[in-house]
Structure formats: C-alpha cells, structure tokens
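Participant: just a sequence and a predicted model for now, questions to come.
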Amino acid sequence: TQLLEQSPQFLSIQEGENLTVYCNSSSVFSSLQWYRQEPGEGPVLLVTVVTGGEVKKLKRLTFQFGDARKDSSLHITAAQTGDTGLYLCAGSPNTGNQFYFGTGTSLTVIP
Amino acid sequence: GAVVSQHPSWVICKSGTSVKIECRSLDFQATTMFWYRQFPKQSLMLMATSNEGSKATYEQGVEKDKFLINHASLTLSTLTVTSAHPEDSSFYICSVPGREGYEQYFGPGTRLTVT
C-alpha cells in the first residue's frame, strides 16, 4: 500500500538552482524520514522528523514536517551534481511499526 | 545507527529454484526487521515484517507461501523466494528499526535475477 505520494516524480535541473520535493498523504504519521538512494544500493537516511511543524536543516537541505503530520517537504538550495539520486520519503503510522515509502522523486542535476 | 548487512549482494537463478537471502544486524539486536522489494526506477514496497521467534506479518498482496521469512535470532532474518519466476527478479532490501522506533537502517540490498 502506497500511502505517501511524492511530487514531482522526475526532476531535472541545472547546477545552482533550487528545488522542492513534496511528500503528501491523507494519513497521520508518528514520524517521517527522508532518504537518498543511489542505483544498486540501499537507501541512506537523511533526516527524521517527528514533531508537527518541525523544520530541520542539513547543510543545503531543509526538511519540514507539516503541522498535521500528514505531509513533508525537502528543499535543496544551490543544487550540485552530487545531489543526483532518488529521494524517498517514508512514514511510520506508529512508533516502531511498519514504514511505508513514498512514490519517489528522481533528481538529476546537470552540470 | 544500526549496521545491516545482506548476503548475497546479487544472485542469478533459474526458474523454479529457490533462493535464500540473509539480513544481519551486526551491532544491534533486532526483534523486528522489514523486507522490501524495489523494481527498477520505482520506490520501495514493504513486503513483510519479520518478527523474532514468531510468524512474519505480510502486507496485502504478498504471497506468504512464496516468500518465506524466518527470524530465528535477534541478529538474523532470512527471506526465501520459492519456485522463483522471472517476474520475481527485483532488488530486495531489508531494514532494521532504530532503538527509538523512529528510524530504520537499511542493508545494501540483494539483486535477484531469475532466468
């Protein structure tokens, strides 16, 4: 069951541009994570947000959890070619229970 | 976070044979592990929750008799794809939930190709 919808599905931008990826659901999550995945590898955790309205920054990446804990966004400032990859959000309806992934956003940063 | 390994990293098998994939939590005892499959250019789909000492919990649409899960110890879960078919070819990834339950840590994945 895919409870989380991500948009856009594909994104191709020039190096130096800014971008935002959205992760939306009609369900409430106790926590939400963002991952980045390279081809042929497992996802790598970028951040976890647990509080509605929470904002976390990781260098050029800014993550926000919606007030109602149903949605989240990832904003990248001044994208670099090294940011290229598949970005996945994942939510857990309850602490310690199953995690469900979003539909994914494939980002390509062109030099 | 937890360090998770998978074995093998890739495997090729013939139709009709069975393949076992191992997921190990190297530095953390995990009563629960998760198994996912991922098709090319798609997201991860949760297949089942592996529970140490009890039966796995399968997601809707996943055949439990085809994808056998055994979680015999706190550090090892196995996924056996029985009577494999070409459509079972996929990237299989396991994960271990973090201590506080808010996060999960992934293995490197196993690429299965059924010919």
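Facilitator: Looks like it came in fine.

Participant: number of nearby residues for B:Asp65?
Facilitator: Neighbourhood size, B:Asp65 [other CB atoms under 10 Å in any protein chain shown]: 8. (C-beta placed from N, C-alpha, C; glycine too.)

Participant: wait, isn't it in contact with B:Val81?
Facilitator: No - using CB atoms under 8 Å, B:Asp65 is not in contact with B:Val81, being 11.3 Å away.

Participant: residue furthest from the geometric center of chain B?
Facilitator: Residue farthest from the centre of chain B, counting by CA atoms, centre = their mean, is B:Glu100 at 21.5 Å.

Participant: taking the centroid of chain B, which residue is nearest it?
Facilitator: B:Trp35 (3.6 Å).

Participant: contacts only, for that residue.
Facilitator: B:23, B:46-50, B:67, B:69, B:77, B:79, B:92-94 (CB atoms under 8 Å, 6 or more residues apart in numbering or on different chains).

Participant: repeat that for 7 Å
Facilitator: B:Met47, B:Ala48, B:Ser50, B:Ile69, B:Leu79, B:Tyr92, B:Cys94 (CB atoms under 7 Å, 6 or more residues apart in numbering or on different chains).

Participant: element containing it?
Facilitator: Using DSSP states H and E, B:Trp35 falls within strand B:32-38.

Participant: ok, the spatially closest residue to B:Glu103 that is not a sequence neighbour to B:Tyr58 distance?
Facilitator: Leaving out its chain neighbours, the residue that sits closest to B:Glu103 by CB to CB, 6 or more residues apart in numbering or on different chains is A:Thr48, at 5.1 Å. Distance, A:Thr48 to B:Tyr58, by CB to CB, to the nearest Å: 26 Å.

Participant: between the two, tell me which one has more neighbours.
Facilitator: The neighbour comparison of A:Thr48 against B:Tyr58 (other CB under 10 Å) goes to A:Thr48, with 20 against 17.
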